[in-house]
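Student: Sequence first, then the predicted structure:
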Amino acid sequence: MSVQPVESVIPERAEVRPRFAWLSERALMHLFLWPTLLLLLFITVFPLIWSLCLSFTEYSVVHDSSWTAARWVGLGNYSRLLADAEFWTRFQISASFVVPTVLVEFLLGFGIALLLHRLTYGRGFLSTIILIPMMLAPVVVALFWRFMLQGDIGIVNYFIRDVLGFAAVPWLTERNWAIVSMILVDTWQWTPFMMLISLAGLSAVPKYLYEAADVDRASGWFKFRHITLPLVTPLLLIGMLFRLMDTYKLFELAFVLTGGGPGDYTKVLPLYLYRMAFGDFNTGRASAVGYIMLIVIIALANLLIRLLNQMKAEER
Amino acid sequence: MNNPSQFKASSVAGRIVFWLLIALTLFFFLFPLYWMFLSSIKQPGDVTSLPPRFIPFVQFKPTLANYAAVLSTSAMGSRQNTFPWALLNSVLVGGTATVVAVILGTLTAYAFSRFRVKGESDLLFFILSTRMLPPVVVLVPIFLMFTNLGLPNTFAGITLLYIISGLPFVVWMMKGFFDEIPREYEDAAMVDGYSRLEAVWKIVFPEAFPAMLATAVFVLITAWNEFVFVTLLNKQSWGTVPPFLYQIIGYGRTEWSRMAAAAIIYITPIVVFTFVVRNHLLRGVTFGAVRR
């Protein structure tokens, strides 16, 4: 941003008496802060407390007339969930979607960034068009991939079967392939995000480091391993943290692309919670699931942040 | 060499591999978009034909009939739930939520940037943490709350929800921008006899306007794309396009060419916006955490 001389941005002032001078700085501060804070309290803190209370009760929105009918069961919901094999299966399925997705997006995104970074010309335009997928509605993306991944007439299988000569893949109908489909679609949509972060990291590495390494006749691999990687890693970890939290809470993909199927094989945690709350109307128990999800993601995020800070400390 | 991080790709083979990889990348990310567009201009019979037809005018006769059908009020959905209505709802809800969120959030960001707020970092962290919450976790209590307040199926309810979900983002983005705008502008204006509020209105806001616009685009996109809450809360009225698109594939045989036409109409503004805010993308998608 160019800094203009101060005089030029201040309009000429005709009258001298300032309006609203009676508003003190303090009053103004409160006026600016509180609407936002109150709205956020209203929609996050209050619901969180409510849902914590609900998680200790047996209650159903549909079957019970009002929330006064909720029966206090203490930690009953939690202990029953933790003893329930189904619940652990949901965790496993979520993990088998989240972990590969984040890793693939990281590797692909970083790889593509390394490629694009070598372009001397057209880099801005190319990276912008590659970024389009991540701006689209997850529902549109999921719907359209559902169309493209159809077993016999889908375009993806056309390439695999008729162009490459492999056997057609039962994308959405076989349980392991259904998970692969989810990973594929999320990778399509969100690899651009990791690419964007990586590109930012790569262009922030000071050129003189490479020049110094060139003087020492360092190999390409040496420069990558000892200059590029250490300087880019913190940013990549931030990117992975974002992706981890987002894929963990992603609901649309399972809901629209696979519908949780085949069977319940792609019913990830958010979909499990949704069906429990608004299919079975087991409100109290669903709230407990929500809380466990919340605790897990906070723990994971803290772990990653600690790792990040540790790496930053080592650099110094 | 003008780009120091390059590995030397002087050999012919190296170059071929390099450009092949670039081509493969572009194909992977852009082909689905191209295919969506193609499907939207095909006759229903051509959409799933095998072998597929890739080139309009040569392999198939393109048509705008799908767009006409989607935009007329009778082709898809029930009477009160047609694509034009859903689109109008998306525009009204998204537009209103964006304007309100950006104004409120910008004021808050200004306060954080310029005034001495007690517990500033704690408050900022609180604001950030609301965004990290998985939406399904608060879905149940918000549903109960909204039902008790009579907010489901209203414009006010869903708009309020989108305002609040956009606020943390606006505060963080705008705080970053304000921290970069020198205080001297307002100070000079106040020496000249402006009150603080006038200085904010006449000096700071015009200065921050481009940043506010970029922020607004991201808020709008979030509201434009949201699915979970609007599906659950606005089943009967004030539904936006995402749940509409999901519903129409549920009814019998899906007409993919019309689905594609509706999707293309819906994503066009987003594609345009992506180019408009391309210089702010990094900041925008990382919540202002990563700047260049």
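Tutor: Looks like it came in fine. All values reported here derive from a predicted model rather than from experimental measurement.

Student: and chain B, what are its domains?
Tutor: B:12-71, B:83-285 (automatic domain parsing).

Student: out of these, which comes closest to A:Arg306?
Tutor: domain B:83-285 (15.9 Å; CB to CB). Placement of C-beta: from N, CA and C, glycine included.

Student: give me the low-pLDDT residue ranges for the stretch 101-250 of chain B?
Tutor: Scanning the stretch 101-250 of chain B for pLDDT under 70 picks out B:250.

Student: got the residue ranges for the helices in it?
Tutor: In the stretch 101-250 of chain B, the helices defined using DSSP state H, counting those that start in this stretch lie at B:120-132, B:135-149, B:155-180, B:184-191, B:196-199, B:205-225, B:228-233, B:241-250.

Student: Just the element for A:Phe166, please.
Tutor: Using DSSP states H and E, A:Phe166 sits in no helix or strand.

Student: give the contact list for it.
Tutor: A:Ile160 (CB atoms under 8 Å, 6 or more residues apart in numbering or on different chains).

Student: what's the spacing between it and B:Gly284?
Tutor: 40 Å (CB to CB, to the nearest Å).

Student: Do you know the pLDDT at A:Leu52?
Tutor: Among the per-residue scores, A:Leu52 holds a pLDDT of 89.

Student: Would you agree it falls within a helix?
Tutor: Yes - assigned with DSSP: H, G, I helix; E, B strand; the rest coil, A:Leu52 falls within a helix.

Student: tally of neighbours for the closest residue in space to it that isn't next to it in sequence?
Tutor: Of all residues not flanking A:Leu52 in the chain, A:Tyr291 sits nearest, at 6.5 Å (CB to CB, 6 or more residues apart in numbering or on different chains). Neighbour count of A:Tyr291, defined by other CB atoms under 10 Å in any protein chain shown: 20.

Student: just checking, what packs against the helix or strand where A:Tyr291 lies?
Tutor: Per DSSP H and E, A:Tyr291 falls inside helix A:283-315. Applying 3 or more CB pairs under 8 Å, 6 or more residues apart in numbering or on different chains; DSSP states H and E, one finds that helix A:283-315 makes contact with helix A:46-55, strand A:57-58, helix A:76-82, helix A:229-249, helix A:269-278, helix B:135-149.

Student: Return the most buried member of those.
Tutor: Burial of these is given as mean neighbour count (mean count of other CB atoms under 10 Å in any protein chain shown); helix A:269-278 ranks first at a mean of 23.

Student: From the chain's centre, how far out is it? Work that out for me.
Tutor: Relative to its parent chain, helix A:269-278 has a centroid offset of 19 Å by CA atoms, centre = their mean, to the nearest Å.

Student: Same check on stretch A:300-313?
Tutor: Mean C-alpha position of stretch A:300-313 versus that of the full chain (CA atoms, centre = their mean) differs by 18 Å.

Student: Pull out the buried residues from it.
Tutor: A:Ala301, A:Leu304, A:Leu308 (16 or more other CB atoms under 10 Å in any protein chain shown).

Student: out of those residues, who's nearest B:Leu160?
Tutor: A:Ala301 (27.6 Å).

Student: wouldn't that closest one be in contact with A:Met245 here?
Tutor: Yes - using CB atoms under 8 Å, A:Ala301 is in contact with A:Met245, at 6.4 Å.

Student: Spell out which residues are contacts of both of the two.
Tutor: Going by CB under 8 Å, 6+ apart, residues that sit against A:Ala301 and also against A:Met245 are B:Met132.

Student: show me where pLDDT drops low in chain A?
Tutor: A:1-18, A:21, A:63-68, A:315-316.

Student: Show me the residue sitting in the middle of chain B in space.
Tutor: Note on chain B: the residue nearest the mean C-alpha position is B:Ile221, at 1.2 Å, using CA atoms, centre = their mean.

Student: can stretch B:47-55 be found next to chain A?
Tutor: Yes - using CB under 8 Å from any CB of the partner chain, stretch B:47-55 reaches chain A at B:Thr48, B:Leu50, B:Pro51, B:Pro52.

Student: Now do the SS call for the closest residue to the first one other than its chain neighbours.
Tutor: Going back to what we said before, that points to B:Thr48. Leaving aside its chain neighbours, B:Thr48 sits nearest to A:Ile153 (4.4 Å; criterion: CB to CB, 6+ apart). With three-state DSSP as the basis, A:Ile153 sits in coil.

Student: Identify the spatial nearest neighbour of A:Leu237, chain neighbours not counted.
Tutor: Nearest non-adjacent residue to A:Leu237, counting by CB to CB, 6+ apart: A:Leu308, 5.0 Å away.

Student: need the contact list for that neighbour.
Tutor: A:Pro234, A:Leu237, A:Ile238, A:Leu241.

Student: Which member of those residues is positioned nearest chain B?
Tutor: Nearest to chain B among the contacts of A:Leu308 is A:Ile238, at 6.5 Å by CB to the nearest CB.

Student: so how far is A:Ile43 from that closest one?
Tutor: Taking CB to CB as the measure, A:Ile238 falls 26 Å from A:Ile43.
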